[in-house]
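Q: any chance you can model this:
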Amino acid sequence: MRKYAAKGNDIYVTCPGFDLNLTLNCGQAFRTLVNAEQKGETIILHDVTEDEFLTKWDIYFDFGRDYEKIKSEFITDPTMKRAIDFCGGIRILKQDPWETLISFIISQNNNIPRIKLIINRLVEHFNRFPTPEDLLTDIAFAKTGFREKYLKSAAENVLSGKVILTETPKSAVNADPKSAAENIVEKMPTESARSELMKISGVGPKVAECTLLYGFGRLECFPRDVWINRALAEFYPDGFPFISHPFAGVAQQFLFHHIRNRELCVSLS
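A: Numbers count the residues shown, from 1 in each chain. You can find the predicted model right below:
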């Protein structure tokens, strides 16, 4: 479990088994939100107050969860053991639900460098991650291609209150407070939350699952993309044994990063 200490304007976090670089660059997030570095088992968060750490970054990096216990359950499987040996320092980030939804809409039929490029264009233009109102303006400069109509659909659904992501939405000007109380994605059972997100044009099972896993902390969610489908076909033709595990999403991230890097290494050799 993690320990932390405030030193000057920085927070020093000791968290055995945690790998900052892997966590930030394994395909679950597309921009860096805090100035951080790692020295051995210590992660240093620069220019962060103790209150900011406890209320935001401790949650964002999921420092308080016992990942060693989770991994001990997965390594009984030989394929999962290889994946964990390769990238077991990954943790699932708890990101902003709106940013996660938009980021994974952008990720469709896309690669990680280009996803980051599009998001950087949007952030630089608006001087923030775009709000729903921002996305309803002219965003041709971001070169999102066919995804633009889906981004606008997400913005329209959130602004109208047809889809309410959190209890304190950034903007839902036309939402009925009585109905909204029963239709907030973060409060719904996972299956209902999936269906709610898929009301948005362009949000299919994969984007919904990624949004729930990375934006809402639903660690039981198991997104499937081309890399995961390859891993399942090659190693688990009879079905993935941990598909119903409460931390199936953690297993998915280990598998995803392992199989993707293995295939990239083969293609470059």
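
Q: starting at the chain centroid, how far to the helix or strand where Tyr150 lies?
A: According to DSSP states H and E, Tyr150 maps onto helix 148-160. The chain centre lies 20 Å from the centre of helix 148-160; the measure is Cα atoms, centre = their mean, to the nearest Å.

Q: same question, stretch 118-125
A: Worked out by Cα atoms, centre = their mean, stretch 118-125 lies 18 Å from the chain centre.

Q: just stretch 20-27 next, same as before
A: The answer for stretch 20-27 is 11 Å, by Cα atoms, centre = their mean.

Q: so what's Phe240 closest to, chain neighbours aside?
A: Nearest residue to Phe240, sequence neighbours excluded (Cβ to Cβ, 6 or more residues apart in numbering): Leu232, at 5.9 Å. In this view, the C-beta of every residue, glycine as well, is placed from N, C-alpha and C.

Q: hang on, the one you found packs against Pro241?
A: No. Applying Cβ atoms under 8 Å as the test, Leu232 and Pro241 come out as separate, 11.0 Å apart.

Q: what's the domain layout of the protein?
A: Annotated domains of the chain cover 3-66, 97-216 [automatic domain parsing].

Q: looking at those, which has the lowest confidence?
A: Here the lowest mean pLDDT among the domains of the chain goes to domain 97-216, at a mean of 91.

Q: most tightly surrounded among the domains of the chain?
A: domain 97-216 (a mean of 17; mean count of other Cβ atoms under 10 Å).

Q: quick one: it to chain centroid distance?
A: 13 Å.

Q: the helices in the stretch 51-200 of the chain, which residues?
A: Taking DSSP state H, counting those that start in this stretch as the criterion, the stretch 51-200 of the chain carries its helices at 58-60, 67-74, 78-87, 97-106, 112-126, 132-135, 148-160, 177-180, 190-197.

Q: contact partners of stretch 84-95?
A: Applying Cβ atoms under 8 Å, 6 or more residues apart in numbering, the contact partners of stretch 84-95 are 17-19, 22-23, 26, 28-29, 59-63, 65, 67, 71, 74-75, 213-215, 217, 219, 249-250, 253-254, 257-258, 261.

Q: ok, now stretch 36-49?
A: Defining contact as Cβ under 8 Å, 6+ apart, one finds that stretch 36-49 is touched by 6, 9-16, 18-21, 34-35, 53, 57, 61.

Q: just to revisit the earlier point, which one's more surrounded, Leu232 and Pro241?
A: Neighbour count, other Cβ atoms under 10 Å: between Leu232 and Pro241, Leu232 has more, with 18 against 14.

Q: so which strand or helix has the more buried one?
A: Per DSSP H and E: helix 226-235 holds Leu232.

Q: isn't Thr14 right next to Met1, touching?
A: No. Applying Cβ under 8 Å as the test, Thr14 and Met1 come out as separate, 9.5 Å apart.

Q: circling back to that earlier point, dump the helix holding Leu232 to PDB, restricted to CA.
A: What follows is helix 226-235, C-alpha atoms only, in PDB (Å, rounded to 0.1, in the frame of the first residue of the first chain):
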ATOM      1  CA  VAL A 226      -8.300  -5.500 -32.300                       C
ATOM      2  CA  TRP A 227      -5.500  -6.300 -29.900                       C
ATOM      3  CA  ILE A 228      -7.600  -7.900 -27.200                       C
ATOM      4  CA  ASN A 229      -9.500  -9.900 -29.800                       C
ATOM      5  CA  ARG A 230      -6.200 -11.200 -31.100                       C
ATOM      6  CA  ALA A 231      -5.100 -12.200 -27.600                       C
ATOM      7  CA  LEU A 232      -8.400 -13.900 -26.900                       C
ATOM      8  CA  ALA A 233      -8.300 -15.800 -30.200                       C
ATOM      9  CA  GLU A 234      -4.700 -16.900 -29.700                       C
ATOM     10  CA  PHE A 235      -4.600 -17.700 -26.000                       C
END
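
Q: name the next helix or strand downstream of it, please.
A: helix 248-268.

Q: now do that following helix against helix 112-126, angle only.
A: Interaxial angle of helix 248-268 relative to helix 112-126 (axes from the mean of the first three to the mean of the last three Cα atoms, to 10 degrees): 110 degrees.
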